[in-house]
Structure formats: structure tokens, C-alpha cells
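Enquirer: compute the structure for the input listed below.
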Amino acid sequence: MINKTVQTMAEAMNGISDGAVVLVGGFGLVGQPNALIDGLIEQGAGNLTAVANNAGNSPDSGLGRLIALGRVAKMICSFPRGSPAFEERYRAGTIALEIVPQGTLAERMRAAGAGVPAFFTATAAGTKLAAGKEQREIDGRTYILESALHGDVALVEAWRADRWGNLTYRSTGRNFNPVMAMAGKLTIVQSQHMAELGEIDPEVIVTPGLFVDRVIHVPYGDPPREP
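Expert: Numbering: from 1, shown residues only. Predicted coordinates:
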């Protein structure tokens, strides 16, 4: 019987090592798996490369707290500004930064999940972000080669899950979480609601359980309903 649910946060975080590349879902404060981040802090792994849309918000919670505690050695994101913890550490030279345009960031992870090693995009061509990357002219336009972005671990927040790991998301929480679930070698999910197997309409499943390794129920918010 396939059952990917775990009962404790310690079980969910088991096996994450120092130096891991950690994909962190969410768009600002929406859809960020803060309970899993707290679990990662408790677990103790450090020297991490964190990949997210932004570099966290408050230094007291979520990704901002992970950075404030000095556990992140490198940040890969689209919007590093607005995070006091990141800005302080960046000015001090204790954290590295790779800026990736938002659409490119999502596509790099989607490519990783789809088995595509790299792709050409016109985004960032002719800018400092293209420095050192292969460039090619196609139909008169310059494109740069971007590599797939794999994660050792993906931390994902879902609206609803079943024991096979099939996931649905709610509204803006759907943005980065699905591609990160695809790109993680170990995908760990906190779900607001749990459904019985077969209860989720297959037509609304966004992330199939194939991409999910562990699910922990973190209940909060509204009663369950289809997103």
C-alpha cells in the first residue's frame, strides 16, 4: 500500500544534508511552506543553497528566519530586496546571490522535472545576467542558454493532498510550488487538508503523486473545498 504521509516533522526532514540545494515554494508570503522551513531549522542542516521567488520577508519566520540564522550560503531568486535578513548578510559578504528572472527561474525548474537539460531564452540577453552564458542568434534574435535547475530537496505547500501524494493548490499558492515539486529529488509537502484516496477529482490534480515523496498534514485556514 502506497502511503507517503508522515506523522512527525522529524520524519519529514530526515536525510537533508549540509550543502543541499533547497527549493522553497511560494510567492511572497502566499504558498510558502513555513512549517517545513521551521522543521528544517530544527533539523539543523546548514550551508544551504536556497531557491525561491524572493529572499524571504520577516527575519522571524519562514525563509527570512532561515537566512537570519546563517543557514543559507547562497540565494537563487528573482527578488532579493525587501528581506532585512538577506540584505544584512549580503552587505556583510556572508551570503552569495544569483539573480534569475522570474519566468526563467520557473522554466529552469520545469525543465529539470521534464528531463530537459537546458533551453534557449531571449530573457536577459544583452544584460549583465547573460555574462558567461552561451549565446545563439535564432531568426535574427539573440538567445542565451539556461540550464535546468534541480533541487536536492523541494519544500512545497499544498491546499489538499491524499496519501499517494496527489496535490491541489489554491489560488496564488499554485505559482512556484508545482514546478518545484517536479524539480526536487526529495519532495516534501505540507498540506492544509488531507483527502481520502479517490476523493480528489483527477481533473483538478495539479501535481501527481509521482513527484512527491513525503506529505505532512499542517491544518489551518478554511474548510476543505476544491480550489
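
Enquirer: who's in contact with the residue sitting furthest away from the middle of the chain?
Expert: Ranked by distance from the centre of the chain (Cα atoms, centre = their mean), the top residue is residue 140, with 34.8 Å. With contacts defined as Cβ atoms under 8 Å, 6 or more residues apart in numbering, residue 140 has no neighbours. All C-beta atoms are positioned from the backbone trio N, CA, C, and that covers glycine.

Enquirer: next one: it from residue 122, what distance?
Expert: Summarising the geometry, the distance separating residue 140 from residue 122, computed by Cβ to Cβ, to the nearest Å, is 11 Å.

Enquirer: same check, this time on residue 25
Expert: If you go by Cβ to Cβ, the gap between residue 25 and residue 122 works out to 27 Å.

Enquirer: which one's more surrounded, these two?
Expert: In terms of neighbours (other Cβ atoms under 10 Å), residue 25 is the more surrounded of residue 25 and residue 122; the figures are 30 against 11.

Enquirer: now that one, nearest residue through space, not along the chain?
Expert: Taking Cβ to Cβ, 6 or more residues apart in numbering, and ignoring the residues beside it in sequence, residue 25 has residue 177 as its nearest neighbour in space, at 3.7 Å.

Enquirer: correct me, but the one you found touches residue 31?
Expert: Yes - shown here, residue 177 and residue 31 form a contact pair, counting by Cβ atoms under 8 Å, at 5.6 Å.

Enquirer: any common contacting residues for these two?
Expert: In terms of Cβ under 8 Å, 6+ apart, residue 177 and residue 31 are both contacted by the residues 25, 157, 169.

Enquirer: contacts only, for the first one.
Expert: Residues near residue 25 by Cβ under 8 Å, 6+ apart: 31-33, 52, 154-157, 173, 176-177, 180-181.

Enquirer: what's the top helix by length along the chain in contact with?
Expert: In the chain, taking DSSP state H as the definition, the longest helix is helix 102-114. In this structure, residues lying in contact with helix 102-114 by Cβ under 8 Å, 6+ apart are 23, 51, 53, 76-79, 100, 117-119, 121, 123-124, 146-151, 175-176, 179-183, 211.

Enquirer: and the nearest residue to residue 161 once chain neighbours are set aside, what is it in contact with?
Expert: Take residue 161 and drop its neighbours on the chain: the residue closest to it by Cβ to Cβ, 6+ apart is residue 191, 3.8 Å away. Contacts of residue 191 were listed using Cβ under 8 Å, 6+ apart, and they are 157, 158, 159, 160, 161, 167, 215, 216, 217, 218.

Enquirer: ok, 10 Å please
Expert: With Cβ atoms under 10 Å, 6 or more residues apart in numbering as the criterion, the residues that contact residue 191 are 5, 33, 156-162, 165, 167-169, 212, 215-219, 224.

Enquirer: since that was my last question, I'll sign off now.
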